[in-house]
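Colleague: Coordinates only, no sequence provided:
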C-alpha cells in the first residue's frame, strides 16, 4: 500500500527545465498546467530572477546569463544543482544544450528523463548569424551526432513536429503537437472583418529573413496604392527594435505598428483585431520540418492566413479553405492573395470561420494533453 501511495500522481514530483525568461507557451501554459491539474507536484526551472508560484505550479529561477558561453556552462551547472536538490521523479527538459547535463541528472537521481524537442536543431544551426559561415556545417553535423547519441539514453523523446520526429529512432517517441489551448481564445469579443484595426498581423520571433519578406510585400502593396497597416508583436524587444529601424530604412515604416509582447494569453486579443495573419517562412531546410504554432493561433481566432506552402503546414490546412498557401519567397503571390482577401471580406471571413472550426474541433491541446498524461501515468503506476 505504501509503495502505491508514493507513486500516486499527487505525490509524484515533476521538474520541467526550460531556459526561458518568461513562462513559456509549451512548457508552462500547456504541459505544466496539464500536469498540475492532473495532480502532479510540478516545478518549472528557468531563467528567472526569483522563485514564485502560480496555477499550482512552483517556478524556480536561475539568474539569466550575460553571455552564451555562461549560458552553456555556469547556468547549466546551476540548473543541475537545483534539479538535484529537488529529487524529482521525472525530469522533462526543453533545451538541447542541457542534454548532457540531463544525462548526468539521470545517473545521479535515477529520475526518468524526457527530452522535449522543439526544433530541427542541426538545420537551425545553419541559420545562426552569430556563428561564422565556415563553421556552420561542421557544427551542424556535430550537433546532429551529439543530439542523436544523447537522445538514446533518454527515457522518452517528445518532439512537437512529426517531421522532426522522423529523424529519431527511439523505443519511446511520442509526438505531442504544439496545438493551442482553447482558453487562449477565451474572453475576447469577435470584431466584424471590416472593422478590424490591422490588415495583417505577425507575432513571435523575428529573424531577418521573415521581416525582409514582409517589407517587400508591404512595399509592393504600396506601389499598387494598397496602403496596409501591419501589427507586429515581437517575442523579443531587441528584435522588434531592429525591425523598426530597418523598416524606416526601407521606407515602409509607416506601414508597421509595433506592439509589446506581454503574455501568451494576451496575444489572441490582438490577433482578433486583424483581417489577415501572415506566416512568411522561407524555403530553408529548418522550415521543411517545423510546424508554425501561430498558424493554429490565427485559425482559432477566426483569421484567414497567407502563408508559405511548406509540407509541415500543408498537412493541416489542405482542404480546409482557411488560407492561401503560396510559393515561398514569391512576393507577387503574397501580394495577390492579400489583395484578394482585402477586396473580398465575406470570403475572407468565411475562410477564418473554417479555420476556427478545425481548431475547436480537432487541432487543440486537449488531444495532445492526453498523450502527455498517458506517458506520465505509465511511470506513475
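Modeller: Thanks, I have the structure now. Please read these numbers as outputs of a predicted model, since none were measured by experiment.
Colleague: what ranges of this structure fall below the confidence cut-off?
Modeller: Along the chain, segments meeting pLDDT under 70 span 1-11, 381.
Colleague: make it 50
Modeller: 1-7, 10 (pLDDT under 50).
Colleague: And the strands in it?
Modeller: 13-17, 41-46, 52-54, 57-61, 90-93, 112-117, 156-159, 198-204, 230-234, 256-258, 274-279, 305-308, 323-326 (DSSP state E).
Colleague: wait, isn't residue 183 in contact with residue 265?
Modeller: Yes: if you go by CB atoms under 8 Å, residue 183 and residue 265 touch, sitting 7.3 Å apart. (Glycine included, C-beta is placed from N, CA and C.)
Colleague: ok, those two, which is more surrounded?
Modeller: residue 265 (16 against 13; other CB atoms under 10 Å).
Colleague: ok, the residue lying closest to the more buried one once chain neighbours are set aside - contacts?
Modeller: Once flanking residues are discounted, residue 265 sits nearest to residue 184: 6.3 Å by CB to CB, 6 or more residues apart in numbering. For residue 184, the contact set (CB atoms under 8 Å, 6 or more residues apart in numbering) comprises 264, 265, 267, 268, 297, 300.
Colleague: List the contacts of the fifth one.
Modeller: Listed by CB under 8 Å, 6+ apart, the contact partners of residue 297 are 180, 184, 203, 267, 268, 271, 277.
Colleague: Now the residue positioned nearest the centre of the chain. Nearest residue, chain neighbours left out?
Modeller: Centroid-nearest residue in the chain: residue 293, 5.5 Å away (criterion: CA atoms, centre = their mean). In space, and not counting its chain neighbours, residue 293 is closest to residue 178: 4.8 Å by CB to CB, 6+ apart.
Colleague: Isn't that neighbour up against residue 291?
Modeller: Yes: under the criterion of CB under 8 Å, residue 178 makes contact with residue 291 at 7.0 Å.
Colleague: For those two, indicate the residue with more neighbours.
Modeller: residue 291 (21 against 17).
Colleague: Now the more buried one: closest residue in space, sequence neighbours ignored.
Modeller: Counting by CB to CB, 6+ apart, the nearest residue to residue 291 once its immediate chain neighbours are dropped is residue 312, at 4.3 Å.
Colleague: Tell me, how many residues neighbour that neighbour?
Modeller: That count, for residue 312 with other CB under 10 Å as the rule, works out to 19.
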